[in-house]
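Participant: A predicted structure for the sequence below; I have some questions about it.
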Amino acid sequence: MVFILFVIVSALIVLLLLTNKKKYKNLPPGPYPWPIIGNVIEMAMIDIKYPHKALEKLSRKYGEIMKIQFGAHFMIVISSYEVMKEMLTKPEANIGRFVFPFVPDRAYGNPNRGIIFNSGESWQELKRYTIRTLRDFGFGKKNSMNGVMQEEVDELMSTIKGGVLDGLGEWEVDPHLLASSAINVLWSLVAGYRFSLEDKNLQEAVRLNDDILFACGLSNRYTAFPWVKTLFPKLSKHEEHLKCYAEMQKFLRRIIKDIQEKRSARSNQDAESYIEAFLDEIEKRKGTGDTNFTDDQLIVVLADLFLAGSETTSTSVNWMLYHLAMNGHVQEKVYDEICRVIGSDVTPTLDNEKSLVYMKATLYEMFRMSDIVPTPPPRILTDSITVRGYTLPKGAGVMYNMDPVLTDKVHWGDPDVFRPERFLSTNDDGTMQLVNTERVASFGFGKRLCLGETLAWNTVFLYVTNIFQTFKLSTIPGKMPPMEPINSATLSPDRYSLHFELRK
Ligand code: HEM
C-alpha cells in the first residue's frame with residue numbers, strides 16, 4: 001500500500017517538475033530537485049543539525065538568490081542583505097506568509113488566524129489593531145514600561161541571587177526562568193497582570209512554548225513533507241504537537257475566562273488590558289458579518305504573542321550572559337560604562353539607553369553572533385516579481401537566511417570574534433557613536449517587521465544592564481559552556497552554568 005502510494009506520488013511530482021520547468025522560465029539557479037525529497041536529503045547531508053548552515057553552503061555555490069525544493073515546497077532562498085532589503089520590502093513579498101503544515105494545525109485549521117503566520121487583510125487588520133491597542137496600554141512608551149520592567153528585573157535578580165548563593169557562586173542559567181520573566185513584561189499589557197514566577201501553569205506554558213517553537217522550525221519532519229504527518233503521525237511527532245497546541249489554547253482560554261470573571265465583579269468596566277479591549281471588539285462586531293474579531297482569533301493572537309514575545313527576548317538575555325562570560329574584556333568595558341554613566345549604585349532605567357553606547361554596540365554584536373532567528377518564517381509571493389533579472393513566480397515561498405549576512409567575512413573581516421567595537425566610531429569630541437548596524441536585521445524587514453522590536457530591545461537592555469551592574473560573570477574551569485546552540489525555530493544556548501560574583 002505504502003509502496004503504491006510512493007510510486008503514484010513520485011510520478012505526480014516528476015510530472016509537476018516537468019510542467020513547472022516549462023511554466024517557470026528564468027528562475028534563479030539551485031540544486032537539482034529529486035522526486036519527493038526535493039533537496040532535503042542534500043541539505044541534511046551538508047548539515048543535518050542546522051538547516052540555515054546547509055542553505056548558507058548551497059548559496060555559496062548557487063548565489064544570493066537560489067531556488068530549492070524544500071520537500072514538497074518550492075522556495076526562493078535569499079542570502080544577501082542587499083537582495084533582502086530590495087525584495088522583502090516589495091508589496092508582492094511583504095503581505096503573505098508561506099503556509100507550512102503546522103500553520104493551520106495551531107490555528108483551528110485556518111491559516112488566516114493570528115499575526116505571525118497570517119496573510120492579507122486579516123493579518124493587516126490584526127497587526128494594526130494589536131500595535132494600536134497595546135500602545136494604549138503603554139507598549140513602546142518608555143515612561144510606562146520602565147516600572148513594569150523594573151519590577152520584573154528586581155524579581156529576576158533576587159531569584160538569581162538566591163540560586164547563586166545556594167550554588168556557592170555558581171548558577172545554571174535557567175532559560176525557562178528568563179522566559180517567564182520576559183513574558184511578564186508583555187503580559188502586563190496583554191492581560192493586565194503579571195504571573196508569579198512560581199506559577200505552575202506559567203511554567204508549563206513556557207515548556208509547551210519550547211515544543212511549539214520546535215514544531216515551527218525547519219527541522220520538524222513534516223514541515224518539508226506534509227504527508228509524513230498523515231502516514232506516520234507517531235514518528236513525525238504530529239500528535240504530540242497537536243496536544244501542545246491544544247494545551248496552550250486551554251491555558252489561554254482559562255486566562256480569558258478568569259479576566260472576564262474579574263471584570264464582571266469590577267465597578268469600572270473600561271477595558272484595562274489588550275484582552276479586555278479585544279473582547280469588547282468581539283461584542284461590537286457581533287452580527288456584522290465576516291469579522292476578524294472572534295474568540296478563536298483572540299486565542300491565536302495570544303498564542304502568537306506568547307510564542308514570539310517570551311523565548312526570543314529571554315534567549316537574547318541568555319546569549320548576552322553567555323558571550324560576556326566568554327569575553328571578560330568586553331564585560332569589563334560594559335561595566336566601566338555603566339559605572340561612568342549611571343554609577344555602580346544607581347538603578348539603571350530606560351532613559352540611560354541613549355547614553356550607554358558601548359552597551360548598545362555589545363547588544364548589536366550579541367544579535368550578530370547569536371543569529372537568534374536564522375530563517376524567519378518564509379513569505380509567499382502574492383504576485384510574480386523580477387529581482388536581479390530572475391522572474392520569481394507567484395505562490396513561491398521566500399525564505400531569507402540571515403546566517404550568510406551575519407557571518408560574511410568580506411563585510412565583517414573577523415565574524416567569529418565577539419567585538420562590539422565594529423559598531424562604534426569616535427566623534428571629533430572623543431565621544432562614541434553607533435555605526436554599521438543596519439545589517440544586523442534581527443527583527444526582520446518591511447511591513448512584516450517584528451511587532452515587538454522596541455519592547456524586546458528595551459527589555460533586553462534593562463535586564464542586562466542591571467545584571468552586569470550587579471554581577472561579574474565568568475566561566476567555571478572544567479565546565480565550559482557548550483559551543484553549539486540548540487536549534488528549533490530559534491537558536492539558543494545549550495544549558496550551561498556560570499560563576500556569578502556580586503559586585504556590590
Ligand atoms: C529579541 C527578541 C525578538 C526577536 C529577535 C524577534 C524577531 C522577529 C523576526 C525575525 C520576525 C519576522 C520578521 C519578518 O518576517 O521579516 C518577527 C516577527 C514577529 N514578532 Fe518578533 N522578535 C522578538 C521579540 C518579539 C516580541 C517581544 C514580540 C511581542 C510583542 C514579538 C512579536 C512578533 C510578531 C507578532 C511578529 C509577526 C509580525 C508579522 O508577521 O507581521 N517579537 N520577530
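Facilitator: Yes, it's here. In this text, all values refer to a predicted model and were calculated from it rather than measured experimentally.
Participant: any idea how far Gly452 is from the ligand?
Facilitator: From Gly452 over to the ligand the distance is 2 Å, taken as CB to the nearest ligand atom, to the nearest Å. From N, CA and C alone the C-beta is placed, and that goes for glycine too.
Participant: check Arg194 too.
Facilitator: Using CB to the nearest ligand atom, Arg194 is found at 15 Å from the ligand.
Participant: next, count neighbours for that residue.
Facilitator: 20 (other CB atoms under 10 Å).
Participant: which residue comes closest to it once chain neighbours are left out?
Facilitator: Excluding its sequence neighbours, the residue lying closest to Arg194 (CB to CB, 6 or more residues apart in numbering) is Asn184, at 4.4 Å.
Participant: looking at this protein, which helix is longest?
Facilitator: In the chain, assigned by DSSP state H, the helix with the most residues is helix 295-326.
Participant: identify each buried residue in that helix, please.
Facilitator: By 16 or more other CB atoms under 10 Å, the buried positions in helix 295-326 come out as 297-326.
Participant: other SSEs contacting the strand or helix carrying Ala179?
Facilitator: For Ala179, the host element (DSSP states H and E) is helix 175-190. Here helix 175-190 touches helix 142-166, helix 200-215, helix 274-285, helix 295-326, helix 453-470, going by 3 or more CB pairs under 8 Å, 6 or more residues apart in numbering; DSSP states H and E.
Participant: need the CA coordinates for it. PDB is fine.
Facilitator: Once non-C-alpha atoms are left out, helix 175-190 reads as follows in PDB (Å, rounded to 0.1, in the frame of the first residue of the first chain):
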ATOM      1  CA  PRO A 175      16.100  29.600  30.100                       C
ATOM      2  CA  HIS A 176      12.600  28.900  31.400                       C
ATOM      3  CA  LEU A 177      13.000  31.400  34.300                       C
ATOM      4  CA  LEU A 178      14.300  34.000  31.900                       C
ATOM      5  CA  ALA A 179      11.300  33.300  29.500                       C
ATOM      6  CA  SER A 180       8.800  33.500  32.400                       C
ATOM      7  CA  SER A 181      10.200  36.800  33.400                       C
ATOM      8  CA  ALA A 182      10.300  38.200  29.800                       C
ATOM      9  CA  ILE A 183       6.700  37.200  29.100                       C
ATOM     10  CA  ASN A 184       5.600  39.000  32.300                       C
ATOM     11  CA  VAL A 185       6.600  42.400  30.700                       C
ATOM     12  CA  LEU A 186       4.400  41.800  27.800                       C
ATOM     13  CA  TRP A 187       1.600  40.100  29.800                       C
ATOM     14  CA  SER A 188       1.100  43.200  32.000                       C
ATOM     15  CA  LEU A 189      -0.200  44.900  28.800                       C
ATOM     16  CA  VAL A 190      -1.900  41.900  27.300                       C
END
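Participant: picking that back up, in TSV, list the helices and strands packed on helix 175-190 along with distance to Arg266.
Facilitator: What follows is those, written out as TSV (distance: least, CB to CB, whole Å):
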stretch	distance to Arg266
helix 142-166	21
helix 200-215	23
helix 274-285	10
helix 295-326	20
helix 453-470	27
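Participant: looking at the ones you listed, which is closest to Pro51?
Facilitator: Comparison of the helices and strands packed on helix 175-190 against Pro51 by CB to CB identifies helix 200-215 as nearest, at 12.8 Å.
Participant: who's in contact with that closest one?
Facilitator: Contact with helix 200-215 is made by 102, 105-106, 176, 179-180, 183, 195-196, 220, 237, 240-241, 244-245, 247-248, 251, 254, 303, 306-307, 310-311, 488-490, as judged by CB atoms under 8 Å, 6 or more residues apart in numbering.
Participant: buried ones among those?
Facilitator: Neighbour counting by 16+ other CB under 10 Å classes 102, 105-106, 176, 179-180, 183, 195, 220, 237, 241, 244-245, 247-248, 251, 303, 306-307, 310-311, 488-490 among the contacts of helix 200-215 as buried.
Participant: and the end-to-end length of stretch 33-44?
Facilitator: 14 Å (CA to CA, to the nearest Å).
Participant: which parts of it count as buried, going by neighbours?
Facilitator: Across stretch 33-44, burial judged by 16+ other CB under 10 Å covers Pro33, Trp34, Pro35, Ile36, Ile37, Gly38, Asn39, Val40, Glu42, Met43.
Participant: got the contact list for the second one?
Facilitator: Listed by CB under 8 Å, 6+ apart, the contact partners of Trp34 are Ile41, Gln69.
Participant: and for the fifth one?
Facilitator: Counting by CB under 8 Å, 6+ apart, Ile37 makes contact with Gly71, Phe225.
Participant: quick one: it from Trp227, how far?
Facilitator: To Trp227, Ile37 is 12 Å away according to CB to CB, to the nearest Å.
Participant: try the last one
Facilitator: Computed with CB to CB, the distance linking Met43 and Trp227 is 18 Å.
Participant: the nearest residue to Phe471 once chain neighbours are set aside - how many residues pack around it?
Facilitator: Distances taken as CB to CB, 6+ apart place Phe500 nearest to Phe471, at 4.7 Å, with adjacent residues excluded. By the measure other CB under 10 Å, the count of residues near Phe500 is 24.
Participant: tell me how far the host helix or strand of Phe500 lies from the chain's centre.
Facilitator: Per DSSP H and E: Phe500 is located in strand 497-502. Taking CA atoms, centre = their mean, to the nearest Å, one finds the center of strand 497-502 at 27 Å from the center of the full chain.
Participant: what's it in contact with?
Facilitator: Counting by CB under 8 Å, 6+ apart, 160-161, 164, 167, 169-173, 321, 325, 470-476, 479, 481 sit against strand 497-502.
Participant: ok, for Asn487, nearest residue in space, not its chain neighbours?
Facilitator: For Asn487, ignoring the flanking residues on the chain, the nearest one in space by CB to CB, 6+ apart is Tyr50 at 5.5 Å.
Participant: ramachandran angles for the one you found?
Facilitator: Note on Tyr50: its backbone torsions stand at phi -120, psi 90 [degrees, to the nearest 10].
Participant: next one, pLDDT for the nearest residue to Thr294 once chain neighbours are set aside please.
Facilitator: Nearest residue to Thr294, sequence neighbours excluded (CB to CB, 6+ apart): Ile282, at 6.4 Å. pLDDT recorded at Ile282 is 96.
Participant: surely Ile282 touches Leu298?
Facilitator: Yes: applying CB atoms under 8 Å, one finds Ile282 in contact with Leu298, separated by 7.0 Å.
Participant: wait, is Lys472 part of a strand?
Facilitator: Yes: membership of Lys472 in a strand is supported by DSSP: H, G, I helix; E, B strand; the rest coil.
Participant: that one: how many residues sit nearby?
Facilitator: Neighbours of Lys472 using other CB under 10 Å come to 16.
Participant: I figured it hits Ser344, correct?
Facilitator: No: Lys472 is not in contact with Ser344 according to CB under 8 Å; the separation is 11.8 Å.
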